[in-house]
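K.L.:
Quick one: sequence plus predicted model below, questions after.
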Amino acid sequence: MARAGRILAKTGLLALKILVSASLVAFLLAKVDRSSLFATLRQMNPSAFLAAIGLYLGAAFLSTLRWQLLVPHPIGARRLFSMYLIGSFFNNYLPGGVGGDAVKAYYLSKEMKRYGAGGEDSVLYSSLTGAIASVFMDRYVGLSALIAISVAVFPFGIRYLEGASMEWPVIWAIPLIALAFLSVSVLIFTFRVGERVRFLLNAYRYLHFYRSQRKALLKAFAYSLAIQLLGVLSVYILSKGLHLPLSFLSLLVFLPMIILFSMIPVTVSGIGLREGAFVFLLGSTGVSPESAISLSIVWFFSVFVAGVWGLLEYLRYKKAVFGGEVQ
C-alpha cells in the first residue's frame, strides 16, 4: 500500500510538472510570431549544431574526470564516462522518472562493490553511501564553479543586468544566489545539519574526509570552470549559427542565471522555464522573443541528440550485465 502511494505521488508530481511546462510553452508561443520562430529555426547552420554536440560531449568527458577525482575508490575514466552518459540519457529522455544522478549512484555503487569498496575499515560504511555522496559532491563543485563565474563577470556585465532590470530587479539575482549558496554550504559543511540520521552521518564522513583533499578539490573546481565555459561557448556557437547578435560576455552573464532558473523543480527538464528565461534576459540585449526561443530550442536539442550515446552505453551495459561481465 505504501509503495502504491509513493508511485501515485510520483505520477501526480510528474503530471503536474508536464502541465506547468505545457502551460509555460503555450503562453510563450501565444506571445510570439510562430512563422518568424520557424523561419529563425530554419536558418540554423548544421555545422554549428554539430559543433555544439561535440562541445557537450567534450564537457561530459571533463565532467567524468572531475567525478573520478571525487569517487572514493579508483575506477577507470572509461567506465565512469559510460555511467555519466547513461545518467545524462535518463535525465534528458526520461524526465520525471528515474533521475540521472540516482542511476549514476546506483551503477557506481555496483562497481564499488565489485572492487570491495566501502568495507568496515573504509571512511564509508557502504558503497551506496559513497556513491551517492560522490555524485552530490560532483554536483556541488559544478554548481560552485557556475556561481563563481557569475560573481566574477558580475562587474563586467552590469550594463546587461541593468537592461534586464527594467521590469524585475534581476541585477540583485547573482549576489543573492551567491549568498544563499554560501549560507547553505555553511549549514552543510560546518553545522552538519541532519547528521543524526545514519545515512546522512555516513555521507558527512565522506564529505568531511574530502575537505582535507584540497588538491583534488581544486583540480575538480578547475575542471568545473572549463566545463561551464564550454557550455557557454556551445550556446555562443549556436547563436552564431542562428545569426543572432549576441556577444560572448552577454551569454557569460546570462547563461548561468538561465541554468539556475531552469533547475527549479517545477517543470519537466526545465522546459518552459528555460525558454522564458531566454526571452526575458536576452530580450534586454535587443534579441527578439522568436530568436531567444529558437536559441533555447536548438541548445536543448543539441543536448538531446548527444544523449543518444548514453542510450547506446546503457544497452551495452545491460547486455554486459546479463552476459555475466561488466567491461
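P.N.:
Now that the structure is in, tell me what you want to look at. These numbers come from a predicted model, not from an experiment. Residues are numbered from 1 along each chain as shown.
K.L.:
Strands of the protein, start to end?
P.N.:
Secondary structure of the chain, counting by DSSP state E: no strands present.
K.L.:
Point out where it drops to low pLDDT.
P.N.:
1-7, 95-98, 115-126, 163-168, 191-212, 319-327 (pLDDT under 70).
K.L.:
What is the longest helix along the chain packed up against?
P.N.:
Among all segments of the chain classified by DSSP state H, the helix with the greatest residue count is helix 2-31. Contacts defined by 3 or more C-beta pairs under 8 Å, 6 or more residues apart in numbering; DSSP states H and E place helix 2-31 against helix 273-283, helix 289-306. Using the backbone N, CA and C atoms, a C-beta is placed for each residue, glycine as well.
K.L.:
Those helices: which one's closest to Arg214?
P.N.:
Nearest to Arg214 among those is helix 289-306; the distance by C-beta to C-beta comes to 32.4 Å.
K.L.:
Send me the closest one as CSV with only the CA atoms.
P.N.:
Extracted in CSV, the C-alpha atoms of helix 289-306 (Å, rounded to 0.1, in the frame of the first residue of the first chain):
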residue,chain,number,x,y,z
PRO,A,289,11.4,36.6,-28.4
GLU,A,290,11.3,34.4,-31.5
SER,A,291,15.1,34.4,-31.7
ALA,A,292,15.6,33.8,-28.0
ILE,A,293,13.2,30.8,-28.0
SER,A,294,14.9,29.5,-31.1
LEU,A,295,18.3,29.6,-29.4
SER,A,296,16.8,27.8,-26.3
ILE,A,297,15.3,25.1,-28.5
VAL,A,298,18.4,24.3,-30.6
TRP,A,299,20.5,24.2,-27.4
PHE,A,300,18.1,21.8,-25.8
PHE,A,301,18.1,19.6,-28.9
SER,A,302,21.9,19.6,-29.2
VAL,A,303,22.0,18.1,-25.7
PHE,A,304,19.1,15.8,-26.5
VAL,A,305,20.8,14.4,-29.6
ALA,A,306,24.1,14.0,-27.8
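K.L.:
Name the residues of that helix that are buried.
P.N.:
Residues of helix 289-306 classed as buried: 289-303, 306 (neighbour count, 16 or more other C-beta atoms under 10 Å).
K.L.:
Now tell me what touches it from outside.
P.N.:
Residues from elsewhere that reach helix 289-306 (C-beta atoms under 8 Å, 6 or more residues apart in numbering): 28, 31-33, 36-37, 40-41, 44, 49, 52-53, 56-57, 60, 88, 92-93, 234-235, 238-239, 241-242, 244, 246, 269, 271, 274-275, 278-279, 282-283, 287.
K.L.:
give me that answer again for 6 Å
P.N.:
32-33, 36-37, 40-41, 44, 49, 52-53, 56-57, 92, 235, 238-239, 242, 244, 274-275, 278-279, 282 (C-beta atoms under 6 Å, 6 or more residues apart in numbering).
K.L.:
relative orientation of that helix and helix 273-283 in degrees?
P.N.:
Relative orientation of helix 289-306 and helix 273-283, computed by axes from the mean of the first three to the mean of the last three C-alpha atoms, to 10 degrees: 140 degrees.
K.L.:
and Leu251, how many neighbours?
P.N.:
Leu251: 25 surrounding residues under other C-beta atoms under 10 Å.
K.L.:
ok, so what distance separates it from Lys240?
P.N.:
Computed with C-beta to C-beta, to the nearest Å, the distance linking Leu251 and Lys240 is 11 Å.
K.L.:
now swap in Ser284 and tell me
P.N.:
Taken as C-beta to C-beta, the span from Ser284 to Lys240 is 20 Å.
K.L.:
Ser150 too?
P.N.:
Distance from Ser150 to Lys240, by C-beta to C-beta: 23 Å.
K.L.:
Looking at these two, which has the bigger crowd around it?
P.N.:
Shown here are Ser150 and Lys240; by other C-beta under 10 Å, Ser150 has more neighbours (25 against 14).
K.L.:
what's near enough to touch that one?
P.N.:
Applying C-beta under 6 Å, 6+ apart, the residues near Ser150 are Ile174, Pro256.
K.L.:
And Ile149, by the same measure?
P.N.:
Gln228, Pro256.
K.L.:
redo that, cut-off 7 Å
P.N.:
Leu225, Gln228, Leu252, Pro256 (C-beta atoms under 7 Å, 6 or more residues apart in numbering).
K.L.:
Just the closest of these to Glu162, please.
P.N.:
Leu252 (16.2 Å).
K.L.:
Could you count how many residues lie near that closest one?
P.N.:
22.
K.L.:
Report the contact partners of it.
P.N.:
Counted by C-beta under 7 Å, 6+ apart, Leu252 has contacts Ile149, Val153, Val232.
K.L.:
want to throw those into CSV with distance to Ser134?
P.N.:
CSV is the format used below for the contacts of Leu252 (distance: C-beta to C-beta, whole Å):
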residue, distance to Ser134
Ile149, 23
Val153, 29
Val232, 26
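K.L.:
Counting only helices, which of the residues you listed make the cut?
P.N.:
Ile149, Val153, Val232.
K.L.:
I'd say the second one and Val253 touch.
P.N.:
What it means is Val153. Yes: using C-beta atoms under 7 Å, Val153 is in contact with Val253, at 5.5 Å.
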